[in-house]
Structure formats: structure tokens, C-alpha cells
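S.K.: The following comprises the amino acid sequence and a computationally predicted model.
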Amino acid sequence: MNKHDPQGTNSSKPALEGRDGFLDQMRQAKENAGRNRTARLERQPQPAARQPLRFDALPEYQRVEAQRKIGAVIGVDNPFYRSHDEAAGATTVMGGKTFANFASYDYLGTNTDPKVLDRAKAAIDQFGISASASRLVAGERPVHSALEGALADVYGVDAAVCFVSGYLTNVAAISCLVGPQDLVVHDEFIHNSALAGIKQSGATRRFFRHNDVENLDAVLRTLEGNFRRVLVIVEGVYSMDGDIADLPALLDLRERHGFWLMVDEAHALGVLGATGRGSFEHFGIDPREIDIWMGTLSKTTSSCGGYVAGSQALADILKADAGGFVYSVGLAPVLAAAATAGLEILREQPERTERLHRNGSLFLECAKQEKLDTGLSLGFSVVPVLVGDSLRAVQLSNELLEEGVNALPIIHPAVPEGMARLRFFITCDHTEEQIRHAVDVTARRLRALEERKFGLGSLSLEQMVQISPLLQAGEKT
Ligand SMILES: Cc1ncc(COP(=O)(O)O)c(C=O)c1O
């Protein structure tokens, strides 16, 4: 009992003795100090209370709004977020109308294959939808190891690890493997997900000129030596341009500089090589030579998710340390099962890859005959048609829709200003007629737009007066 307060009226808690009493005294002292500090601060003149910022006052929002209003003033519809009524493959249906579709990644036509659908349905029946937890704790299912085994087989390497998206795979893997004492050098056209991974890692970042191994050599010669680890990142097939990384030359360079080579196969799996196994098959190199294979499950395997394949040690490190694996839910079992079925189709039906090669070559050949500018594309999964002016690219996409063709524009900031394009994804299921028609109408409509000089430069004075404050608002931000 407290002799100064025998009734216990001044304290809600009985006094404690020993260790607990000591901790209680410490807490009280801290609370008193806090109260004194608050009282002192309240006696001083107070700054105006900080108001939370409104999202619609942010420059980011004003830029979005400016784009929307410019579209309305110029009378050009927004081509983005077009909604599809059913599964999109070589053909799609939107608003009840059928279109030849060049805007989906379904390179080998697996998205609606009965084998994939059956396996996905069976996985739902057995496991439900979600992995329900990180695989580390309670989210592991046999479909995960089956998929990782199948991916390791594709590359002929020890192991693979899958993540819940391709984007996250790059972010999680890069930020796990390198940190502030390290250097990452990447092709200037690398995907945004790799850039996000490098940023998160805190590593020093340098880029080299697109597909220019000599320039990479020069960058490495000026920088090497001070870093703990050096990582070089390239893409098997470049997602915006459709050309491919020169892996043999990069491997030669690695002999001299001792970096890790990471190859993003998002658009190369199922696409490059006679049987679609990717860049290593295309070049006839030993896949074990590459330190880090990365890819997505959303393109050729028509699922969702991403993977890293390589040595057992690499897989073990990622499974133990990559935040995006350890602290994120496991890949949904249904997606793992669908991707595994997609890989089986890739292995069992190499004729799909052959058809894809034929279609890509046909598209490129027709486009060249029509004198369309396909940039660097080699006619695999991705063929851009360069348009230049962003507004013209948007208008061309809208006009193609009137012709029964769905192909989306890529504009700044995804590509440099003045390099706007339509990007065509080719699949093994496109028919010759669809390809010839798509190229034909693209050439015809683009020529008409060029003749009219349609673009930002062709706007009427009245339109310019209306949009110039909006352009300025966008620029200021
Ligand atoms: C080269 C490249 N890497 C990574 C990704 C991210 O993959 P996902 O869309 O499956 O998240 C993409 C997506 O388009 C890509 O093009």
C-alpha cells in the first residue's frame, strides 16, 4: 500500500516494486518530460496548421486534366483503356464489334487454349483463387514448385523463382541483389520496371546507348573498380522497338569486366529461337552462361506473374531476401497452373513459334513494301510503326479502329518526344488476311494524315488559342 495515499485515490494503478516498478518510473518520467515539452511549445507562437494537400491541386493532376481537355478541344478520342467484351487474342470484341487485335501479348495463342483453361479450372477447384499468404509462411502450393521446375527446364538451369507480377520481379530481384555500394548499367531503352528496381536498390545507375556494346564497354571502363557488384541489364526483345540484345557480344564483354548479366525475356520467351525457348536458343549459346534470366508470365504464357531463373544459389537468395517475394502473397495457384500449361504448349507445339515467326516476318515485309517506318524491329513479337507526332499517333489508332483494327499508340513519356508510334503485337493466330489488312489501312490512313499534316502543328488558330494555356499548365508542372 502507498503510505501517502492509503485509499489509492491519487493513482489508478497500484505502485509496483522491483523491475516492474523501475520500468513504471521510467515511463512516468518520459511522460512528464513529454508533457513539459508540449507545454513549452504551446507557449511559443504557433505556425499555421499544415493542411493536407488536395490531389486535384497537384501538378500531376493538372497535367492529366490538361491532356484530357486538349483531347476534347481538338476532337480526338482517348484511345487508352478500351474495354474488351471477351478474351482478347488475334481477334477481340469491343462494344459488340469484332476487331483484328494487335494490342495483346498472347504471342502463342494460349489465353483461350482448352488445355490452359482446364488446368486453371482444376487449380481453382483444388486451391480456390488465392495463395492466401506469402509462400514463406502459409502460401506454398505444389503448383508453385511445378511452375518453377518447368521454368528451370526451359532455360536448362538449376532453379527458378516466381513472383506475382513481371513488374514486381524486376523491382524485387534487382533491389535484392544490388545496393548502394553497387553499379547497375542498363540499355537506355530498358523497361520501367527495371528502372524502378534500380531506384529502389540505391545502386549507382548508368545507361549505355541502345544495343551498343562498345558504348557499354566505354561506360564500364570509366566506372569500374570502385563498386562491390556490377550488374548489366538488357532485354531479349526490346518491348518498344522489337530488336534484340546481342548476347554473344555481351558475354565477350563480361569476360573482361566481370559483371552479372541480367536478360529480361518478357517478349522473347516463346518468340526467339526455333522452338521459342528465347534468346539463348536464337544465338545458340549455353543458357547457363547468363547469370540472371528474368521474364514474365503475362506474355507468352498468358497468365500473370514473373520469374527469375538461374543458379540454385540465386533462387535461394531471392526466396530468402527479396522483399517482393518474402513479404508479398504467393502467385495465385490458378495463375501458376495456367502458366505451367502454357509452358507445356510451348514445349509440345513448336509449330506455334514457327507460325509466329512467319507472321512477324510477313508483317514486317508488308510494312516495308508500304514504306512504313518500322524502326529497329526485326519482325518478332513487337513491330512498331513510327509516326513521330503524338497527336497523329493517337488519331491513327482511332482511325484504325474504324477499319476494324485495334492497335495502340505509344507516346511520350513511354518513348522520347517525336518518336510516337503504333505498336503491333503479333501472335501465331493472326491470319495472313488480318496482317495484310492491318498494314494496308495503317499505310493508307497514315499517308492521309501526313498529307493533311495532321498533328500538333496543324491545329487551327482558334484551337491553339484554346489549348495553349493548357499546354503551358502541362509544361510548368
Ligand atoms: C520488358 C518488360 N519487362 C517487364 C514487364 C512487366 O511485366 P508484367 O506486365 O507481366 O508485369 C514488361 C511489361 O510489359 C516488359 O515489357
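M.R.: Perfect, I can see it now. Numbers count the residues shown, from 1 in each chain.

S.K.: taking the mean pLDDT, what do you get for whichever strand or helix holds D125?
M.R.: Per DSSP states H and E: D125 is located in helix 114-127. Helix 114-127 carries an average pLDDT of 98.

S.K.: so what are the domain limits for the protein?
M.R.: What automatic domain parsing lists as the domains of the chain is 75-104+350-461, 114-348.

S.K.: Looking at the stretch 1-150 of the chain, what residue ends up closest to the ligand?
M.R.: Closest residue of the stretch 1-150 of the chain to the ligand, CB to the nearest ligand atom: Y105 (7.4 Å). In this view, the C-beta of every residue, glycine as well, is placed from N, C-alpha and C.

S.K.: Which helix or strand lies directly C-terminal to the helix or strand harbouring A338?
M.R.: Element membership of A338, judged by DSSP H and E, is helix 333-348. As assigned by DSSP H and E, the chain's next helix or strand after helix 333-348 is helix 350-369.

S.K.: what's the neighbour count on the residue nearest to L401 when sequence neighbours are not counted?
M.R.: Excluding the flanking residues, the one nearest L401 by CB to CB, 6 or more residues apart in numbering is F99, at 7.0 Å. F99 is flanked by 22 other residues according to other CB atoms under 10 Å.

S.K.: do L318 as well
M.R.: For L318, using other CB under 10 Å, the count is 25.

S.K.: Now it: which helix or strand?
M.R.: Secondary-structure element containing L318, defined by DSSP H and E: helix 312-321.

S.K.: Now the residue in the chain positioned nearest to the ligand: closest residue in space, sequence neighbours ignored.
M.R.: Nearest to the ligand in the chain, going by CB to the nearest ligand atom, is G166, at a distance of 2.3 Å. Of all residues not flanking G166 in the chain, T296 sits nearest, at 2.9 Å (CB to CB, 6+ apart).

S.K.: Low-confidence stretches in the protein?
M.R.: 1-16, 224-225, 467-477 (pLDDT under 70).

S.K.: Get me the contact residues on the stretch 351-477 of the chain for the ligand.
M.R.: Contact residues (CB under 6 Å from any ligand atom) of the stretch 351-477 of the chain with the ligand: there are none.

S.K.: residue boundaries of the helices in the stretch 351-477 of the chain?
M.R.: Using DSSP state H, counting those that start in this stretch, the helices found in the stretch 351-477 of the chain span residues 390-402, 432-451, 461-476.

S.K.: would you turn the ones you listed into a markdown table with mean neighbour count?
M.R.: Listed next are those as a markdown table, based on neighbours: other CB atoms under 10 Å:
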| stretch | mean neighbour count |
| --- | --- |
| helix 390-402 | 21 |
| helix 432-451 | 17 |
| helix 461-476 | 13 |
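
S.K.: Columns distance to W260 on top of the ones you listed, output as JSON lines?
M.R.: Below are those laid out as JSON lines (distance: least, CB to CB, whole Å):
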{"stretch": "helix 390-402", "distance to W260": "37"}
{"stretch": "helix 432-451", "distance to W260": "39"}
{"stretch": "helix 461-476", "distance to W260": "40"}
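
S.K.: for these, which one sits closest to E289?
M.R.: Counting by CB to CB, E289 lies closest to helix 432-451 out of those; the figure is 35.3 Å.

S.K.: name the helices or strands packed onto that closest one?
M.R.: strand 97-101, helix 350-369, strand 382-388, helix 390-402, strand 405-406 (3 or more CB pairs under 8 Å, 6 or more residues apart in numbering; DSSP states H and E).

S.K.: Name the nearest residue to the residue of the stretch 1-150 of the chain closest to the ligand, ignoring sequence neighbours.
M.R.: The spatially closest residue to Y105, leaving aside those adjacent along the chain, is K299, at 4.1 Å (CB to CB, 6+ apart).

S.K.: burial measure for the one you found, as a count.
M.R.: 26.

S.K.: what residue lies at the spatial centre of the protein?
M.R.: Y167 (3.9 Å; CA atoms, centre = their mean).

S.K.: looking at it, that residue is touching A194, isn't it?
M.R.: No. Assessed by CB atoms under 8 Å, Y167 is found out of contact with A194, at 9.5 Å.

S.K.: Any figure for the gap between L136 and K97?
M.R.: 47 Å (CB to CB, to the nearest Å).

S.K.: more crowded one of the two?
M.R.: L136 (14 against 10).

S.K.: dump the residue contacts of that one.
M.R.: By CB atoms under 8 Å, 6 or more residues apart in numbering, the residues touching L136 are 319, 325-326.

S.K.: So which of these would count as near the ligand as well?
M.R.: Counting by CB under 6 Å from any ligand atom, no member of those is near the ligand.

S.K.: If any of those are buried, give me the PyMOL selection for them.
M.R.: The following PyMOL line selects those of the contacts of L136 that are buried, judged by 16 or more other CB atoms under 10 Å:
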select buried, resi 325+326
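
S.K.: would you turn the contacts of L136 into TSV with distance to P248?
M.R.: Shown next, in TSV, are the contacts of L136 (distance: CB to CB, whole Å):
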residue	distance to P248
K319	31
F325	31
V326	36
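
S.K.: hang on, the earlier thing: which residue is the nearest non-sequential neighbour of the residue nearest to the centre of the chain?
M.R.: Residue nearest to Y167 in three dimensions, not counting chain neighbours: S193, with 4.1 Å by CB to CB, 6+ apart.

S.K.: What of T169?
M.R.: Per CB to CB, 6+ apart, closest to T169 is G306, 3.0 Å.

S.K.: The one you found contacts V161, correct?
M.R.: No. In terms of CB under 8 Å, G306 does not count as a neighbour of V161; the distance is 9.5 Å.
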